[in-house]
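# heads up, no residue letters with this:
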């Protein structure tokens, strides 16, 4: 028992050296002496000298072993205290040597420290590489949302967080808004908000310092129902700062069961502070760039709107100038046509010989055709609103146009081996105020233009919809499209890309009709991409029922005393002859002022006056007549194609507007109505 205890008990290194020396040097020498004595060699001088030398050498070796042992003992004493009984190193046959245990324990701690330092160094290198990567990528990613998502993902991976979010500060509203999140429920981004001063994030914005929480589940600040849920475990909230301004916060949470470390380390905090310093400037720059892009887009849209407005103003001024020129031309031409037409109709009323009547009828038709040409020229330059408005169903107009143009886009196209398809997409529309024939002409003209733009098979799409009390109609085609120059000049009068067969008046007339209806027209087109014409019309009122006025029974037409005023002698003479042919007495004058004085001095039952006269116009004559005798009818004769509503006629003192060239029957019917209904003056 004592030998076993001796061999397993803890001993010092010096004692272990003595035991080893005894076993290695002393015991073998003592074992040799009996053998030498038995052999008679012990008494020999050589043997004795050898034994003395062996003893001296053994003693010298023992001294050296003790010195070496002392140095090792000193080394063991320097590396640390003696290990506990359970941890001391056990040497077979000697027991547990204290110094060897000390050295072994020291090496164990050294290896553990080295391993920890290596892990910390690897973590630091990883953080530094992440920092460098994020800073480099931040300079190359201009989009704020992409940058924030990248920063959050790299940050969470580096500190081994399981849940994270980035919140930016809305200075105007004083709230933090989540702009990037990972591990949180869907719908948090862009929706979750925290007022400044409330919750952990709100407090961080106020104080400008990071907040670390060891365990979320035990912190009362996370018990608010409107706070985002970050699970249980460690939590960190850091400010995102640009100089002395806090522009947001970063929230990071680590689960309590994290495999490496359940809490955030000082190295994590130092890394995140350094990272956020760099990221804050990148985020602020990205935000400024985004705001600059938004401002640039708004400015671009404003410039486009201004350019569109300027284009429309120029187009309107161009049409107005052309309209003034056309109006003056129409006045003179219509005066000439009025003379020709009036005289021709008077001759036809006298029933001439057949060989004379036929040429007169040809002259009359040519006169009316010329008048129609003049009317069309005035039509596309007209800027006055539609006189007689009705509630028009725009969808019905589109359906009628599609049916009316079917021979062109189906039958004629098939003859040229072209497959055209017209599709309708009609929405729920309010009725628009206007004239159905005019609107039909607009859409039909645009459809024909779309057909002409098709050099191969394609599709024409007509869509209608309503928005903001406006009715819209878009006609799109897959044709050749327009260049920017052609698109800009599309509505100019006499501009055409069709060559000699085009007049250049189609889109000008369309523009004029749409403008008269209080609407607008715009075109979008690119070469090879087709064109889209977009029309917009204001919402109209419901159609008013037409009430038939009760008329008295036909009575004999009495003779009227008529005053005719026109500065053109041929026109004045024609009007006088027409009225005299119906049995009326006529006084003709060429000056408005003279007519006003004559009317005040004499009795007249009817006044027929020209509109455009020098010094005193037809408007002034009409107003003077109404001031003197409100019951006397006033007929206004004009070659300008003026359209007046009932309210405007009443304002100007005009009862009927007669457009040159005149038709005898129209004049006689109007005069007959006056003779039946207006009492004699």
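Yes, it's here. In this text, all values refer to a predicted model and were calculated from it rather than measured experimentally. Residues are numbered from 1 along each chain as shown.
# tell me where the stretch 101-250 of the chain has helices.
Along the stretch 101-250 of the chain, the stretches classed as helices by DSSP state H, counting those that start in this stretch are 144-159, 199-207.
# centre of the chain to stretch 157-172, how far?
28 Å (C-alpha atoms, centre = their mean, to the nearest Å).
# which positions within that stretch qualify as buried?
Residues of stretch 157-172 classed as buried by neighbour count (16 or more other C-beta atoms under 10 Å): 158-169. All C-beta spots, glycine's among them, are computed from the backbone N, C-alpha and C.
# between those residues, which is nearest residue 48?
residue 160 (79.0 Å; C-beta to C-beta).
# measure that closest one to residue 299 for me?
46 Å (C-beta to C-beta, to the nearest Å).
# re earlier: rebuild the helices of the stretch 101-250 of the chain as JSON lines, extending it with mean pLDDT and distance to residue 637.
Shown next, in JSON lines, are the helices of the stretch 101-250 of the chain (pLDDT from 0 to 100; distance: least, C-beta to C-beta, whole Å):
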{"stretch": "helix 144-159", "mean pLDDT": "74", "distance to residue 637": "71"}
{"stretch": "helix 199-207", "mean pLDDT": "80", "distance to residue 637": "81"}
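# nearest to residue 507, of those helices?
Closest approach to residue 507 among those (C-beta to C-beta): helix 144-159, 44.8 Å.
# which neighbouring elements make contact with that closest one?
Packing partners of helix 144-159 (3 or more C-beta pairs under 8 Å, 6 or more residues apart in numbering; DSSP states H and E): helix 98-138, strand 163-170, strand 175-182, strand 245-255, helix 266-349.
# and which of the buried residues of stretch 157-172 is nearest to residue 268?
residue 159 (4.6 Å).
# which stretches of the stretch 1-150 of the chain have low pLDDT?
Counting by pLDDT under 70, the ranges of the stretch 1-150 of the chain that qualify are 1-10, 79-95, 119-144.
# center of the chain - which residue?
The residue lying closest to the centre of the chain (C-alpha atoms, centre = their mean) is residue 297, at 9.2 Å.
# tell me how far that residue lies from residue 168.
21 Å.
# residue 655 too?
Separation of residue 655 from residue 168 (C-beta to C-beta) stands at 72 Å.
# also residue 567?
78 Å.
# what does residue 522 give?
Residue 522 is 39 Å from residue 168, by C-beta to C-beta.
# go on, residue 419?
56 Å.
# low-confidence regions, the stretch 201-350 of the chain specifically.
216-232, 255-262, 278, 286, 311-312, 314-335, 337-338, 341-342.
# what's the pLDDT at the nearest residue to residue 419 once chain neighbours are set aside?
The shortest distance from residue 419 to any non-neighbouring residue, by C-beta to C-beta, 6 or more residues apart in numbering, is to residue 457 (4.0 Å). Looking at residue 457, its pLDDT reads 80.
# repeat for residue 373
59.
# and the one helix or strand residue 36 maps to, what's buried?
Residue 36 belongs to helix 27-38 when assigned by DSSP states H and E. By 16+ other C-beta under 10 Å, the buried positions in helix 27-38 come out as 32, 36.
# so which elements touch that helix?
With contacts taken as 3+ C-beta pairs under 8 Å, 6+ apart, helix 27-38 sits against helix 45-79.
# how about the helix it packs on: buried residues?
47, 58, 62, 65, 69, 72-73, 76.
# and what of stretch 436-449?
Quick answer for stretch 436-449 (16+ other C-beta under 10 Å): 436, 438-447, 449.
# which residues touch that stretch?
386, 390, 392, 394, 397-398, 400-402, 404-405, 408-409, 422, 432, 460, 462, 473, 475, 506-507, 509-510, 513-514, 516-517, 533, 535, 537 (C-beta atoms under 8 Å, 6 or more residues apart in numbering).
# name only those of these that count as buried.
Looks like the contacts of stretch 436-449 have 386, 390, 392, 394, 397-398, 400-402, 405, 408-409, 422, 432, 460, 462, 473, 475, 506-507, 509-510, 513-514, 516-517, 533, 535, 537 buried, using 16+ other C-beta under 10 Å.
# show me what the residue nearest to residue 277 when sequence neighbours are not counted bridges to in the sheet.
Nearest non-adjacent residue to residue 277, counting by C-beta to C-beta, 6+ apart: residue 241, 7.2 Å away. Under DSSP bridges, the beta-bridge partners of residue 241 are residue 246.
# residue 622 contacts residue 651, doesn't it?
No. Applying C-beta atoms under 8 Å as the test, residue 622 and residue 651 come out as separate, 10.1 Å apart.
# looking at the two, which one has more neighbours?
Neighbours were tallied for residue 622 and for residue 651 using other C-beta atoms under 10 Å; the higher tally belongs to residue 622 (23 against 12).
# next one, pLDDT for that one please.
92.
# which SS class is it?
Classification of residue 622 by DSSP: H, G, I helix; E, B strand; the rest coil places it in helix.
# from now on call the first residue 19
Noted, 19 is the first residue going forward, which turns the last one into residue 640.
# residues in contact with it?
Residue 640 neighbours (C-beta under 8 Å, 6+ apart): 625, 627, 652, 654, 670-672.
# just for the stretch 569-699 of the chain, where's the confidence low?
Along the stretch 569-699 of the chain, segments meeting pLDDT under 70 span 569-575, 658-664, 696-699.
# coming back round to it: now the two most distant members of the contacts of residue 640.
The widest separation within the contacts of residue 640 (C-beta to C-beta) is 13.0 Å, between 625 and 670.
# which one of the two has more residues nearby?
Neighbour count, other C-beta under 10 Å: between residue 625 and residue 670, residue 625 has more, with 27 against 18.
# and the more buried one, how far is that from residue 260?
83 Å.
# ok, residue 222 touching residue 255?
Yes. Taking contacts as C-beta under 8 Å, residue 222 lies within contact range of residue 255: 4.9 Å.
# overlap in contacts, these two.
Counting by C-beta under 8 Å, 6+ apart, the contacts common to residue 222 and residue 255 are 228-229, 267.
# next up, the contacts around the closest residue to residue 256 other than its chain neighbours.
Spatially, and ignoring its direct neighbours in sequence, residue 256 is nearest to residue 228 (4.5 Å; C-beta to C-beta, 6+ apart). Residues in contact with residue 228 (C-beta under 8 Å, 6+ apart) are 222, 254-257, 287, 290-291.
# how far off centre is stretch 297-306?
Remark: stretch 297-306 is offset 23 Å from the chain centroid, using C-alpha atoms, centre = their mean.
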